[in-house]
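Q: Need a 3D model of the following:
(2 chains, ligands or ions: 2)
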Amino acid sequence: MAMEFLKKFFGSAGSKKVAKERLQIVLIHDRADISPEMLENLRRDMISVITRYMDIDTSKIEMDFDRADRSVAFVANIPVIRIKRGVAPEKQEPGTSNGGEKAYSKRKSGQPG
Amino acid sequence: MDPRVIVVTSGKGGVGKTTTTSNISVALARAGHKVVAVDADIGLRNLDVMMGLENRVVYNFIDVLEGTCRLNQALVRDKRVDNLFLLPAAQTRTKESVNSGQMEELCDMLRKEFDFIILDSPAGIEGGFRNAAVGADEALVITTPEVPAVRDADRIIGLLESMGKGPIRLVINRLKPRLVKEGEMLDVRDVLDILAIDLIGIVPEDESVVKSANRGEPLTFSDSAPAAQAFQRIASRLVGEDVPFPVLNDENGRGILAGIRKLFGMKG
Ligand SMILES: Nc1ncnc2c1ncn2[C@@H]1O[C@H](COP(=O)(O)OP(=O)(O)O)[C@@H](O)[C@H]1O
Ligand SMILES: [Mg+2]
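A: Ligands and ions are numbered 1, 2, ... in the order given. Take a look at the predicted model:
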């Protein structure tokens, strides 16, 4: 009885809250549908761009999808060793970007209907 | 009315596809529609036993597709209600025995004869699921309010969307009001937040489902059990009736309001 009152008072402390959070996170990965090769390509491309501007510790890069409220963020943690000075951005020819593959969440999580 | 071909599917097995197929088929037939329940689970058929028609199965739909018999020889008529038929699966064949073109052909044959063609599909995302879904217009996705089932439901919904099926509507089966009330089970709102599709029914955990499966008498032949009423409401919503989602009671008869009240305005 007292327990139930406390639970109500502090909001539901039951396992359903954990269940919902776990589902929301696992579905981001499921829906993003990113293959390991794609992640590897992304990692390689990111390294090549970033190393033009700074030296980084490529062995300690962490990349993951993160859920914030109702949106998904791609979060990369890249330890910097040294920033280079005065690097000009590389000019890119229009249409040379290596597009085609796209990662996206097929259905937005949100209101039913 | 144009005939409607509806696939009953799920990602995870054992969540209630066959139970739902048999019960809504009976409910629709009792409402006066001409219905065929198709067992598309080749090799693991059990719609026949769930409906209590196993002793009258002679042919199956592969026999029809291969020209061994005519369609009306393979259809098993349910004597308990007018206008209800079962089209059995082959038990001694494998899912590779048919291709999706043949399944479409079968559905087109059935469209000429029936108002509702309800396909009970195998679990999973492989060929068997695709074959069951390929000839269907719409889909009912069954899930329980549990993490693995909801996760796999999401996968199936994505596949159904990519196949262009619609509407795709959700049945939440085996909801336990007491656990929901205690905050120990995902509630309806949680599941809808996550899956973001229309809800067509909430079926409570109900022992009478097990008893009816033992007897081979779908619950919707009578109206008393809570799950029977839930399946009945799903059938009514399928034909476009605006049936409110009632408050489910726990074992002490106390209603749980959370998350369900909000659904009253929903279409489905
Ligand atoms: N609402 C319910 N309450 C209690 N038992 C249920 C309910 N729905 C399904 N079951 C039981 O769950 C089991 C699996 O159901 P079934 O319809 O065969 O699932 P599937 O076809 O998805 O594999 C059966 O034993 C059935 O009696
Ligand atoms: Mg089944």
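Q: Which helix in chain A has the most residues?
A: Secondary structure of chain A per DSSP state H: the longest helix is helix A:15-32.
Q: Which elements pack onto it?
A: strand A:62-68, helix B:147-162, helix B:188-195 (3 or more C-beta pairs under 8 Å, 6 or more residues apart in numbering or on different chains; DSSP states H and E). Any C-beta I mention is one placed from the backbone N, CA and C, and that applies to glycine too.
Q: That one vs helix B:188-195, what angle?
A: Calculated by axes from the mean of the first three to the mean of the last three C-alpha atoms, to 10 degrees, helix A:15-32 forms an angle of 20 degrees with helix B:188-195.
Q: Just the CA atoms of helix A:15-32, as CSV, please.
A: C-alpha atoms of helix A:15-32 as CSV (Å, rounded to 0.1, in the frame of the first residue of the first chain):
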residue,chain,number,x,y,z
SER,A,15,10.0,-2.3,-15.4
LYS,A,16,7.8,-0.9,-18.2
LYS,A,17,9.8,2.3,-18.2
VAL,A,18,13.0,0.4,-18.8
ALA,A,19,11.2,-1.7,-21.4
LYS,A,20,10.1,1.3,-23.3
GLU,A,21,13.5,3.0,-23.2
ARG,A,22,15.3,-0.2,-24.3
LEU,A,23,12.9,-0.6,-27.2
GLN,A,24,13.3,3.0,-28.3
ILE,A,25,17.0,2.6,-28.4
VAL,A,26,17.2,-0.8,-30.1
LEU,A,27,14.8,0.4,-32.8
ILE,A,28,17.0,3.3,-33.7
HIS,A,29,19.6,0.8,-34.7
ASP,A,30,17.1,-1.6,-36.3
ARG,A,31,15.5,1.2,-38.3
ALA,A,32,18.7,3.0,-39.2
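Q: any idea which helix or strand comes after that helix?
A: Next helix or strand after helix A:15-32 toward the C-terminus (DSSP states H and E): helix A:36-50.
Q: taking the mean pLDDT, what do you get for that next one?
A: In this model, helix A:36-50 has a mean pLDDT of 86.
Q: what about the strands in chain B?
A: For chain B, the strands defined by DSSP state E cover B:4-9, B:35-39, B:76-77, B:84-87, B:116-120, B:138-143, B:168-175, B:198-204, B:248-249, B:255-256.
Q: Which of those strands sits closest to B:Glu104?
A: strand B:4-9 (9.9 Å; C-beta to C-beta).
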